[in-house]
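Visitor: sequence and predicted structure are below.
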Amino acid sequence: MKKQERTMKHRKPSGKSGQALIEFCLVLPLALLLLVGTVDFGRYVVAHSEVAALCQDAARYGRQTDPETGEVRSISAIRSRIFSILPTGVLTANVSEPVIEQNVNINGLRATKVYVEYTIPRLLPGVESIVLDGEKLLPSDMKIRGSGAFVRN
């Protein structure tokens with residue numbers, strides 16, 4: 001027993017004590033880049049879904065008749081509806097002026113079309129500086145375009 005205890009006490013380190021730390025430091029930036037990229041993509045998908053729903057709702061609202069006048073709602077009423085539906089905060093500040101077309105002919109029926117675009121800043125700072133073959137790989141902002149049309153007889 002004494003010989004075994006002695007060899008355990010005097011064992012020299014194998015030289016691999018810092019290897020795990022160095023490997024961790026090499027993998028961590030890539031893992032963080034993957035994580036932030038996934039979150040950024042998720043933000044884009046959610047924002048695209050919100051814009052599509054917003055455009056469809058605004059187009060549907062635009063084809064309804066106003067209960068007071070009995071006429072199709074005005075463009076200003078549709079525009080105010082769009083900005084009342086939008087979530088407050090960052091999205092409201094980056095929304096472009098909506099394009100609203102009323103009484104558009106779609107297969108012989110009258111329709112209302114709504115186009116909205118807004119931008120979302122990326123989570124990764126400096127991503128616009130990534131250049132491949134002389135062209136920017138990713139823009140600094142994500143532009144999301146949505147459109148909706150609603151037909152009513």
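Guide: Everything's here; your move.

Visitor: every contact and neighbour count from this point should use C-alpha atoms.
Guide: Noted.

Visitor: hmm, Leu123 and Asp141 touching each other?
Guide: No - using Cα atoms under 8 Å, Asp141 is not in contact with Leu123, being 9.4 Å away.

Visitor: residues touching Val51, list them.
Guide: Taking Cα atoms under 8 Å, 6 or more residues apart in numbering, we find Val51 in contact with Val116, Glu117, Ile144, Arg145, Gly146, Ser147.

Visitor: mind checking how far the most centrally placed residue in the chain is from Leu86?
Guide: Against the mean C-alpha coordinate of the chain, by Cα atoms, centre = their mean, the closest residue is Tyr44 at 1.9 Å. When distance is defined by Cα to Cα, to the nearest Å, Tyr44 is 16 Å away from Leu86.

Visitor: picking up where we left off before, quick one, phi/psi of the residue nearest to the centre of the chain?
Guide: The phi/psi pair for Tyr44 (degrees, to the nearest 10) reads phi -60, psi -40.

Visitor: for it, what are its contacts?
Guide: Going by Cα under 8 Å, 6+ apart, Tyr44 touches Ile120, Met142, Ile144.

Visitor: change it to 10 Å
Guide: If a contact means Cα atoms under 10 Å, 6 or more residues apart in numbering, then Tyr44 has Thr38, Glu50, Thr119, Ile120, Arg122, Met142, Lys143, Ile144 as its contacts.

Visitor: that one and Tyr118, how far apart?
Guide: As for Tyr44, its distance to Tyr118 is 11 Å (criterion: Cα to Cα).
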